[in-house]
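Peer 1: I would like to see how this sequence folds:
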Amino acid sequence: RGILYKGGSFFEEAPKVDRIAFDKTGTLTSGSPHVKHVEGDILWIAAALENHTNHPLAKAILEAHKDPVKEAHDVKQIIGLGISGVIENETYHIGSETYMASLKHKHVFDVEKHLNDGHTVIFVANESQILGYIVIYDPIKKDIPKLIKDLQANHLEPVMITGDQEKTAQSIAASLGIKEVYANVMPKDKASIIQKLQSKGHHVAFVGDGMNDAPALKIANIGFAVKSGHDVALDASDVTLMHHNMSLVMDALDLSKATLKNIKINFLWAFLYNIILIPVAAFGLLNPSLAGIGMAFSSIMVVLN
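Peer 2: Prediction:
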């Protein structure tokens, strides 16, 4: 089925899970976003800066920019917020509204509709003002709505963790029926959210595919990594999904429950069988040949189960 289990402990932990946290980009969404709208003559600036990163949003911007990319110098990545760099002797910035606020820049654009539609809005600015914004859309994977319903039907509460703005995150969560959402999350804080949920008594599984998901994958009771992700994420996980089909999460959990059920039934059978028949044999009420056949029969029953 394309499910790689990396240890036996998964089968004991899985039935205890009551929360499943998802990283949004590349997990709930396709991870192949595209530019939907550009406000202002800023795409060339965005392309020059984003050319220095391999983030999915950067790929979308570079695909939208058809002209040759200008050279950017002194490029700095502000993790989880944005990028700054010098193009043609002028410093430019690209990033979230939070990043713009840290630069003391206020925007006058009406982006509410884009955010409410579940789109990501990133701003481009120079040292003195915001020059415009780019709207990026990353569609939800087709199998995700059914997965969320299946999880909830099995009393597993889905949780969404994302670096997106609050309104974008809430819009996507509402469309999927996810009630618990953590937005504006810095990459380093994903593991802290998992710990926060665990401190409330929850057993938490985390599904992610990025390099910055590795700490959360490691600290979660169960970590699911998608094969298309970074090697460090795969190394930190308990289960690797070899295909993009996210319904494998539910399949993995169902298989773990079925496996644990079989183990318990086998133990119960073996204990009852021996508790009843060893005293019978000890009191000479069972022919040794029949006892030998009985032991073989017991092993066959366990294997068949």
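
Peer 1: Please enumerate the helices of the stretch 151-300 of the chain.
Peer 2: 166-176, 190-199, 214-219, 231-236, 248-282, 288-304 (DSSP state H, counting those that start in this stretch).

Peer 1: So which of those helices has the densest surroundings on average?
Peer 2: The highest mean neighbour count among these, using mean count of other Cβ atoms under 10 Å, belongs to helix 214-219: a mean of 23. C-betas here are computed from N, CA, C, even on glycine.

Peer 1: any residues touching that helix, and which ones?
Peer 2: With contact meaning Cβ atoms under 8 Å, 6 or more residues apart in numbering, helix 214-219 is reached by 21, 23, 161, 188, 190-191, 193-195, 206, 208, 223-225, 230, 232-233, 235-237.

Peer 1: 6 Å - rerun?
Peer 2: 190-191, 194, 206, 208, 223, 232-233, 236-237 (Cβ atoms under 6 Å, 6 or more residues apart in numbering).

Peer 1: where's the spatially closest residue to residue 130 that is not a sequence neighbour relative to residue 101, distance?
Peer 2: What sits nearest to residue 130 in space, not counting adjacent residues and going by Cβ to Cβ, 6 or more residues apart in numbering, is residue 107, at 4.6 Å. Distance of residue 107 to residue 101, given as Cβ to Cβ, to the nearest Å: 10 Å.

Peer 1: neighbour-wise, which of those two wins?
Peer 2: residue 107 (18 against 12; other Cβ atoms under 10 Å).

Peer 1: Would you check that the more buried one makes contact with residue 132?
Peer 2: No - at 9.1 Å, residue 107 and residue 132 do not qualify as touching, with contact defined as Cβ atoms under 6 Å.

Peer 1: For the nearest residue to residue 241 once chain neighbours are set aside, give its distance to residue 180.
Peer 2: Once flanking residues are discounted, residue 241 sits nearest to residue 248: 4.7 Å by Cβ to Cβ, 6+ apart. Shown here: residue 248 relative to residue 180, a distance of 22 Å by Cβ to Cβ.

Peer 1: Tell me where the model's unsure across this structure.
Peer 2: For the chain, the stretches with pLDDT under 70 are 228-230, 232-233.
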